[in-house]
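1. Let me see the structure of the following:
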Amino acid sequence: METKGTVLRHESQNDKIILFSRDIHEKMLAKKELQESQQKYKYQVDYLNTLINTMNEFCITYDKKTRITFVNKRLLEALGYTEEEMLGKSVLHFVSKDYIEPALNQINNRLYFGEVSSHENAIVCKDGSVLLVRLKGSPIIKNDEIVGGLVLAEDITQERRIEKEMARLVQLNTVGEIAASIGHEIRNPMTTVQGFLQIMSQNEKLSDFRDHFELMLEELNRANSIITEFLALAKDKVVDLQCWNLNKIIAAIAPLLKADAMKEDKNICFELGDIPDLLLDEKEIRQLLLNLVRNGLEAMQEGGTVTVRTCLEEEKVMLVVVDEGEGIPSEILDKIGTPFLSTKEKGTGLGLAVCHSIVTRHNGVINVSTSSQGSKFVICFTPSF
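-> Next up is the predicted model:
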């Protein structure tokens, strides 16, 4: 019961009290049910928000004008945006330019024909990097009318990177197996030909042909260097691992690298940090350095600088080679390290492939980043002791 009262005052009479009472049992029951319903609804909303925000997939919704109406926490963390920076903008604003046209077709089919589709796309992060995603899109239907679209997406950037790396390793192994089986058989007769050409070039009766002999010898030397690179690709090549400090190897080869730079009117800078010893094949690491530095020098104009840096990061020894060239074209970057891929007129396309093989045999990892200001090669070694 609910009771209310009021006092009536009279000058000539005693004060009187009037009481009003009403049954509020049904009202209280309804209020309690409403509160319980609100609490249950709030719990369900919080639970759904928790599920959506902690799920591994990206979740995004948009209206019929492609304006974003919701993004989950996982997507915000991956792209680096805040919720305010994404809500209200067209979903196409965050799609890589190479994927905009097919993405627009998918969205139109979803919004106007109610199609459910699965495909791959690329979305742009706040820092300009691109994530490759596998997504599934479906229409949002309310009162039998399509009012927007829902997309669930999975980041497959690393998966694709691993697939490309595996394909590249298969290519390297194939070339390496061929090199190991025929390299020596080719080199032996070449050595014989080279020897006779050298003898003939010293013959006075053939002095008129000396320029021709020298040209043939130069070409044989070039062919021999290509075979050497072939043999360096062999996956089962024996490596002579010994305790070395990477800085010591760099210091030993530094005069040769400086000479290469000076010859082309370019510069080389060494920034060697305090790093532990590693198990290394000294000859292979020298070859790795020569290939990376010479590639950097060839990529630059006169006056440019190649920087060779060593440091210790998260208990990993890092070898970094940075140039000031024009960067690596995007269509080449994904294929870099593939045998016979070269942008040089007389390049064999084996230099970086050899680098990848050397790093792999040392259980290391090589990463490449590039921009219009130059390219950076980072090789990560794990100390064995």
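2. Just the CA trace of stretch 62-69, in PDB.
-> This file holds the C-alpha atoms of stretch 62-69, laid out as PDB (Å, rounded to 0.1, in the frame of the first residue of the first chain):
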ATOM      1  CA  TYR A  62      27.900   0.400 -42.400                       C
ATOM      2  CA  ASP A  63      24.600   1.900 -43.700                       C
ATOM      3  CA  LYS A  64      23.200   2.100 -47.200                       C
ATOM      4  CA  LYS A  65      25.500   5.100 -48.000                       C
ATOM      5  CA  THR A  66      28.500   3.000 -47.000                       C
ATOM      6  CA  ARG A  67      29.000   5.100 -43.900                       C
ATOM      7  CA  ILE A  68      30.600   3.200 -41.000                       C
ATOM      8  CA  THR A  69      28.200   2.700 -38.000                       C
END
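3. buried stuff in that stretch?
-> By neighbour count on 16 or more other C-beta atoms under 10 Å, the buried set for stretch 62-69 is Tyr62, Thr66, Ile68, Thr69. Every C-beta, even on glycine, is put in place using the N, C-alpha and C of the backbone.
4. My guess is the second one contacts Val95. True?
-> In this case it means Thr66. No - between Thr66 and Val95 there is no contact under C-beta atoms under 8 Å: 10.3 Å.
5. Could you point out the helix or strand that follows the helix or strand of the chain with the lowest mean pLDDT?
-> Here the helix or strand of the chain ranked lowest by mean pLDDT, DSSP states H and E is helix 330-333, holding a mean of 64. Next in sequence after helix 330-333, counting helices and strands by DSSP states H and E, comes helix 351-361.
6. and that following helix, what does it pack onto?
-> On a contact count with 3 or more C-beta pairs under 8 Å, 6 or more residues apart in numbering; DSSP states H and E, helix 351-361 meets helix 157-201, helix 210-232, helix 282-299, strand 365-371.
7. ok so, going back, is it possible to get JSON lines of the buried residues of stretch 62-69 that adds secondary structure?
-> As requested, the buried residues of stretch 62-69 are arranged in JSON lines below (DSSP: H, G, I helix; E, B strand; the rest coil):
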{"residue": "Tyr62", "secondary structure": "strand"}
{"residue": "Thr66", "secondary structure": "coil"}
{"residue": "Ile68", "secondary structure": "strand"}
{"residue": "Thr69", "secondary structure": "strand"}
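8. What is the most widely separated pair among the residues you listed?
-> Pairwise distances across the buried residues of stretch 62-69 peak at 10.2 Å for Thr66 and Thr69 (criterion: C-beta to C-beta).
9. Using neighbour counts, pick out the buried residues of the host helix or strand of Glu85.
-> Per DSSP H and E: Glu85 is located in helix 83-86. Neighbour-count burial for helix 83-86, counted by 16+ other C-beta under 10 Å, picks out Met86.
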